[in-house]
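[1] sequence first, predicted coordinates after that:
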Amino acid sequence: MLVFPLINDTSRKIIHVDMDAFFASIEERDNPELKGKPVVIAKNPLETGGRGVVSTANYAARKYGIHSAMSAKEAYELCPQAVFVSGNYARYQEVSRQMHDIFHRYTDEVEGMALDEAYLDVTVNKINAASAVKIAKMIQHDIFTELHLTSSAGVSYNKFLAKIASDIEKPKGLTLIAPEDALDFLAELSVKKFHGVGEKTAEKLEALGITEGGDIQKSSPQYLAEKLGVFGWELYLKANGIHNVPVKPNRIRKSVGKEKTYGKLLYLEADIKAEVSKLSEKVGMILQEKQLKGHIVVIKIRYADFTTFTKRLSLDDKVDDVYLIDQSAQKLLDVALRDNVGIRLLGVTVTGL
């Protein structure tokens, strides 16, 4: 068996800051009447004919099983008494900028992943602090006292572990995974907690007898690569605490897209159009969160026979508006749609950012 040299950089000090129910918390902060009530950031499905997707929900709403990317209709069915708020993305962007101002007091090595989360490399920092935990506590304190919001933080030597750590004690948590503790921690971690392991991949791994990180650690990288391709090798590295990807302060995104594969083929035009609308809404929300706009809308269609088509439409202006994206995608759909042929995949992308 080939032996791969596993080079692990444990010298870095990485913090992952994740705001607690960011959008909903801003709404609660700015509207005290919402305190204690289940708050869902989505258009009220009673006013939209059931359309719309949940952007986020506060912890009171999450107790009912409501989560982001769920349809607003389903959220209403789970909790009819929830307060639905359409969302003020300009306001959320403003608060996010204030949050990033706080980050930059400590380091300029900041990689924003969305409006509500970011990685910070504080190996070298502006206050010359040796402890990343100390800096994380100071950031959480600044966010709470200045923005009146709470955040959770994870601290470790790489981005993968820092992100997992930030989710361990939500809300208001702070968790450190030190280099000497990483392998034991990962050995007990469910494979479902590994980034990129969705429901289907988890089922594949379970069929191989792999349910925890320790099972991956005991497997050979060749075996995992044979079963899962390149992703198997990536899992092997992560399970061994290796993720040498640096924080990238100037990460440039060229496109924003969402696609979905359907286990049951779509045939009805109304269903297909509804799915395209859902995808368009998700893409629009990401664009707004990332403060991006694009002028090219692309749809992707894969039919039952696996033939795949893409169509694109160039717009005069750059957009991030959900309605305009959906309107453009629907126009493309009208051109590309084939009669009486089932669809197994749909995608909507905005590029030319």
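    That came through fine.

[2] helices of the stretch 201-350 of the chain, start to end?
    213-218, 221-228, 230-239, 269-290, 322-336 (DSSP state H, counting those that start in this stretch).

[3] show the pLDDT at Leu176.
    We have a pLDDT of 98 for Leu176.

[4] buried residues, the helix or strand of the chain with the lowest mean pLDDT. List them.
    Within the chain, no helix or strand scores below strand 308-319, which has a mean of 87 by mean pLDDT, DSSP states H and E. Across strand 308-319, burial judged by 16 or more other Cβ atoms under 10 Å covers Lys311, Leu315, Val319. Backbone N, C-alpha and C define where each C-beta goes, glycine included.

[5] partners of it, with directions?
    Using DSSP bridges, strand 308-319 pairs in its sheet with strand 294-303 (antiparallel).

[6] helix 322-336 and the partner strand, what's the angle between them?
    Interaxial angle of strand 294-303 relative to helix 322-336 (axes from the mean of the first three to the mean of the last three Cα atoms, to 10 degrees): 40 degrees.

[7] from here on, count from 9
    Sure thing, new numbering starts at 9, so read that last one as strand 302-311.

[8] buried set for strand 302-311?
    Here strand 302-311 shows Gly302, Ile304, Val305, Val306, Ile307, Lys308, Ile309, Arg310, Tyr311 as buried, counting by 16+ other Cβ under 10 Å.

[9] same deal with stretch 222-237?
    Within stretch 222-237, the residues that count as buried by 16+ other Cβ under 10 Å are Gly222, Asp223, Ile224, Ser227, Pro229, Leu232, Ala233, Leu236.

[10] what's the end-to-end length of it?
    In stretch 222-237, first residue to last residue: 20 Å (Cα to Cα, to the nearest Å).

[11] surely Asp28 and Lys180 touch.
    Yes. Contact criterion Cβ atoms under 8 Å: Asp28 and Lys180 qualify, at 6.7 Å.

[12] quick check: the farthest pair among the buried residues of stretch 222-237?
    The distance between the two most remote of those (Cβ to Cβ) is 18.9 Å, for Gly222 and Ala233.

[13] show the model's pLDDT score for Val349.
    On the pLDDT scale, Val349 is placed at 85.

[14] wait, isn't it in contact with Arg310?
    No. Here Val349 lies out of contact with Arg310, judged by Cβ under 8 Å, at a distance of 10.8 Å.

[15] overlap in contacts of the two?
    Here Val349 and Arg310 have no joint contacts, going by Cβ atoms under 8 Å, 6 or more residues apart in numbering.

[16] report the contact partners of Gly58.
    For Gly58, the contacting residues are Ser79, Ala80, Lys81, by Cβ under 8 Å, 6+ apart.

[17] burial of Lys71, as a residue count?
    Residues near Lys71, counting by other Cβ atoms under 10 Å, number 12.

[18] er, Ser76 I mean
    Around Ser76 there are 17 other residues, counting by other Cβ under 10 Å.

[19] okay, it: pLDDT?
    Looking at Ser76, its pLDDT is 86.

[20] ditto for Thr209
    Note for Thr209: predicted pLDDT of 88.

[21] how much space separates it from Val199?
    8 Å (Cβ to Cβ, to the nearest Å).

[22] try Ala98
    According to Cβ to Cβ, Ala98 and Val199 sit 39 Å apart.

[23] tell me which of these two has more neighbours.
    Taking neighbours as other Cβ under 10 Å, Ala98 and Val199 compare with Val199 leading, 19 against 9.

[24] shouldn't the more buried one be in contact with Leu216?
    No. Using Cβ under 8 Å, Val199 is not in contact with Leu216, being 10.1 Å away.

[25] the helices of the stretch 209-358 of the chain: which one's closest to Asp124?
    Asp124 sits nearest to helix 277-298 of all the helices of the stretch 209-358 of the chain, at 8.0 Å, using Cβ to Cβ.
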